[in-house]
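Colleague: pasting the structure only:
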């Protein structure tokens, strides 16, 4: 399928999933997973990076509208989209650009590193700007930690579901 | 000139990032200042309509509880109606004009939030129903919040569970005033600060809205005292309050319009304005 069509579908599906289901989970009263980061991570490696920035920005601002959260989702997803190449470099080594890396292919240690790292960065920025106070850094870190684990689990499940089974 | 254009083309990705980062950063800053972001909130037609649709489905799951609540409220109102003697007794303190002082609009919560530090609620009536910014919102059990933003058909409420909210409240028996705030931790509890040490407090005393506020009428229930602390810095009491309202399950709410708010504010600004 055409890449841009696939991306548009992904955008809509992840946005709807997030606002319809994952924003209402409230595990232990306050924990919500944010698996829409997968939209940013699943974006094809060799495609236009500026479009990724713009779409992540749009994704964030839509979520902020639905969550009444000011601009924190916009901020977090935008920064994640910008540092994505560095994260790929860290996880897969320098030569990642020449091979077609697809996260959805197979769950390998590199992919788990990438996922965990990306989710951690995203959540840290998200909660940091939600609280926006340095004296609450401990609360921010604990929330980031639990949120990361929860989102990571959900992301793995989603990847397993959408992964085409070739065997 | 050529070089500038070359520079822009070469760094277009980075420049785009910086531009978008600037926009989102200003949104974040704006949302942390006193008034909410002008553009990004759920009091617009798209998100409002979406939440209304979702809520239509969700409502079916809580019909039983809602019916029970309505029946309880009806019973309470009936009790007031039948015990005419009581109403006459209590209405001694009620001035005639008070009866026409407040307008009440009924509305329905379509989006509730309670798990962040700054919680906002969306309801399905807006300026078309006469709702304006800074009106108080209550339900049958107590205070809910203050209107923050309005559109034609929707409004957002700054919930009591918002670290920015500050509501004038008092202890029912002793009439000592304090400010109701929320520390952002537990959705069942709020805090009353700046209560003078002279006040005699008991575990379980009721906290109601105070008369200093021009948003809420006096004596609307808020909660009851759960724990009492003494603030070491200021020597005022800080009181933990268990809210009467279950803020995690809200249905119909009443928006209160104070008809004399403008008059009162005007008078107060004239009084406190510096003389020339």
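Modeller: Arrived safely, thanks for sending. None of these values were measured; they are calculated from a predicted model.
Colleague: Near chain A, which residues of the stretch 51-200 of chain B? Just list them.
Modeller: B:54, B:111, B:113, B:115, B:116, B:117, B:118, B:120, B:122, B:156, B:187 (Cβ under 8 Å from any Cβ of the partner chain). C-betas here are computed from N, CA, C, even on glycine.
Colleague: Model confidence for residue 106, exactly?
Modeller: If you meant another chain, say so; for now it's chain A. If you check residue A:106, the pLDDT there is 65.
Colleague: um, chain B though
Modeller: The model's pLDDT for residue B:106 equals 84.
Colleague: Next, residue B:144: phi, psi?
Modeller: Main-chain torsions, residue B:144, degrees, to the nearest 10: phi -120, psi -50.
Colleague: Test my guess that it contacts residue B:123.
Modeller: No: applying Cβ atoms under 8 Å as the test, residue B:144 and residue B:123 come out as separate, 9.5 Å apart.
Colleague: pLDDT score for residue B:116?
Modeller: 80.
Colleague: Kindly report the same for residue A:31.
Modeller: We have a pLDDT of 81 for residue A:31.
Colleague: which residues touch it?
Modeller: Residues counted as contacts of residue A:31 (Cβ atoms under 8 Å, 6 or more residues apart in numbering or on different chains) are A:25, A:143, A:146, A:147, A:150, B:115.
Colleague: need these in JSON lines with distance to residue B:210 and secondary structure, can you?
Modeller: Output for the contacts of residue A:31, formatted as JSON lines (distance: Cβ to Cβ, whole Å; DSSP: H, G, I helix; E, B strand; the rest coil):
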{"residue": "A:25", "distance to residue B:210": "38", "secondary structure": "coil"}
{"residue": "A:143", "distance to residue B:210": "34", "secondary structure": "helix"}
{"residue": "A:146", "distance to residue B:210": "38", "secondary structure": "helix"}
{"residue": "A:147", "distance to residue B:210": "38", "secondary structure": "helix"}
{"residue": "A:150", "distance to residue B:210": "41", "secondary structure": "helix"}
{"residue": "B:115", "distance to residue B:210": "29", "secondary structure": "coil"}
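Colleague: If you count neighbours, what's buried in the helix or strand where residue B:66 lies?
Modeller: Assessed by DSSP states H and E, residue B:66 sits inside helix B:63-82. Neighbour-count burial for helix B:63-82, counted by 16 or more other Cβ atoms under 10 Å in any protein chain shown, picks out residue B:69.
Colleague: same thing with stretch A:46-66?
Modeller: So, applying 16+ other Cβ under 10 Å, buried residues of stretch A:46-66: A:49, A:52-53, A:55-57, A:59-66.
Colleague: Could you list which of those residues also contact chain B?
Modeller: Checking those against chain B (Cβ under 8 Å from any Cβ), the matches are A:49, A:53, A:57, A:60, A:61, A:64, A:65, A:66.
Colleague: list the contacts for the residue lying closest to the third one once chain neighbours are set aside?
Modeller: Spelled out, it's residue A:57. Closest residue to residue A:57 apart from its sequence neighbours, by Cβ to Cβ, 6 or more residues apart in numbering or on different chains: residue B:20 at 4.8 Å. Contacts here follow Cβ under 8 Å, 6+ apart; on that basis residue B:20 touches A:53, A:54, A:57, A:78.
Colleague: Assign a three-state SS to residue B:20, would you?
Modeller: helix (DSSP: H, G, I helix; E, B strand; the rest coil).
Colleague: now the residue sitting nearest the centre point of chain A: how far from residue B:71?
Modeller: Closest to where the C-alpha atoms of chain A average out (Cα atoms, centre = their mean) is residue A:37, at 1.4 Å. Between residue A:37 and residue B:71 the computed distance is 46 Å (Cβ to Cβ, to the nearest Å).
Colleague: same check, this time on residue B:53
Modeller: Counting by Cβ to Cβ, the gap from residue B:53 to residue B:71 is 28 Å.
Colleague: now do residue A:61
Modeller: For residue A:61, the distance to residue B:71 - Cβ to Cβ - is 43 Å.
Colleague: Likewise for residue B:260?
Modeller: For residue B:260 relative to residue B:71 (Cβ to Cβ), the value is 34 Å.
Colleague: farthest pair in the contacts of residue B:20?
Modeller: By the measure Cβ to Cβ, A:54 and A:78 form the most distant pair in these, at 9.5 Å.
Colleague: re the thing from before, take the contacts of residue B:20 and keep only those in helices.
Modeller: A:53, A:54, A:57, A:78 (DSSP state H).
Colleague: Could you find the closest non-adjacent residue to residue B:227?
Modeller: Closest residue to residue B:227 apart from its sequence neighbours, by Cβ to Cβ, 6+ apart: residue B:240 at 4.1 Å.
Colleague: Quickly check: the helix or strand containing residue A:121 near chain B or not.
Modeller: Using DSSP H and E, residue A:121 sits in helix A:109-131. Yes: contact of helix A:109-131 with chain B (Cβ under 8 Å from any Cβ) involves A:129, A:130, A:131.
Colleague: so can I have a markdown table of those showing pLDDT?
Modeller: Shown next, in a markdown table, are the residues of helix A:109-131 next to chain B (pLDDT from 0 to 100):
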| residue | pLDDT |
| --- | --- |
| A:129 | 84 |
| A:130 | 82 |
| A:131 | 80 |
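Colleague: Can you list phi and psi of residue A:45 for me?
Modeller: Per degrees, to the nearest 10, the backbone of residue A:45 is at phi -60, psi -40.
Colleague: Just the pLDDT for it.
Modeller: 77.
Colleague: gap between it and residue A:79?
Modeller: Residue A:45 is 19 Å from residue A:79, by Cβ to Cβ.
Colleague: which bits of chain A sit near chain B?
Modeller: A:19-20, A:26, A:29-32, A:49-50, A:53-54, A:57, A:60-61, A:64-72, A:74-75, A:78-79, A:82, A:129-132.
Colleague: Could you rerun that using 7 Å?
Modeller: Residues of chain A found near chain B (Cβ under 7 Å from any Cβ of the partner chain) are A:26, A:29-30, A:32, A:49-50, A:53, A:57, A:60-61, A:64-66, A:68-72, A:74-75, A:78, A:82, A:129-132.
Colleague: Which of the residues you listed fall within helices?
Modeller: Checked against DSSP H, the residues of chain A next to chain B include these in helices: A:49-50, A:53, A:57, A:60-61, A:64-66, A:72, A:74-75, A:78, A:82, A:129-131.
Colleague: a helix runs through residue A:156, doesn't it?
Modeller: Yes: looking at residue A:156 with three-state DSSP, it is inside a helix.
Colleague: Now for it, how many residues are close by?
Modeller: Neighbour count of residue A:156, defined by other Cβ atoms under 10 Å in any protein chain shown: 15.
Colleague: Then the one 3 residues further on?
Modeller: The burial metric for residue A:159, expressed as a neighbour count using other Cβ under 10 Å, is 20.
Colleague: quick one: it and residue B:138, what's the gap?
Modeller: Residue A:159 is 46 Å from residue B:138, by Cβ to Cβ.
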